[in-house]
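Visitor: the following comprises the amino acid sequence and a computationally predicted model.
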Amino acid sequence: MLPKFPMGGGDSQSQSVRRFIDTAGLEWTVFDVVNAATEGGIPSSFLCFERGIDRRRLAPIPADWLECEALTLERYLKQAKAVHRSFASPDQFRERRR
């Protein structure tokens, strides 16, 4: 299990982030997203799982996601829905090929 760390500029709405390695040996970053306004069917809050160009959303946010084990995060990952990214950097494509 990799460390958990907060993101944000020191405001009260800082974002929590975790990294974990799934049973296939792939490293994922997961963070919570809370939007004040939503559009296009995007939930107002969800967990975002990212690995290279892969991005998935899980809503609602599970209450235990900050403290749960990697296997539980992987179960949440499998429940999350894949989303299309309109932009990806060349580094993200390189990560996808691994």
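Guide: Thanks, I have the structure now. In this text the structure is predicted, and so the values were computed from the model without any measurement.
Visitor: can you report phi and psi for Glu74?
Guide: Note on Glu74: its backbone torsions stand at phi -60, psi -40 [degrees, to the nearest 10].
Visitor: give me the number of residues near it?
Guide: Applying other Cβ atoms under 10 Å, we find 19 residues neighbouring Glu74. C-beta: built from backbone N, CA, C; applies to glycine.
Visitor: so the residue lying closest to Phe31 once chain neighbours are set aside is in which element?
Guide: Leaving aside its sequence neighbours, Phe31 sits nearest to Val17 (Cβ to Cβ, 6 or more residues apart in numbering; 4.3 Å). Element membership of Val17, judged by DSSP states H and E, is strand 15-21.
Visitor: touching, Ile61 and Phe46? I think so.
Guide: Yes. Contact criterion Cβ atoms under 8 Å: Ile61 and Phe46 qualify, at 6.4 Å.
Visitor: mutual contacts of these two, please.
Guide: Asp32 (Cβ atoms under 8 Å, 6 or more residues apart in numbering).
Visitor: ok, these two, which is more surrounded?
Guide: The residue with more neighbours, out of Ile61 and Phe46, is Phe46; 22 against 16, by other Cβ under 10 Å.
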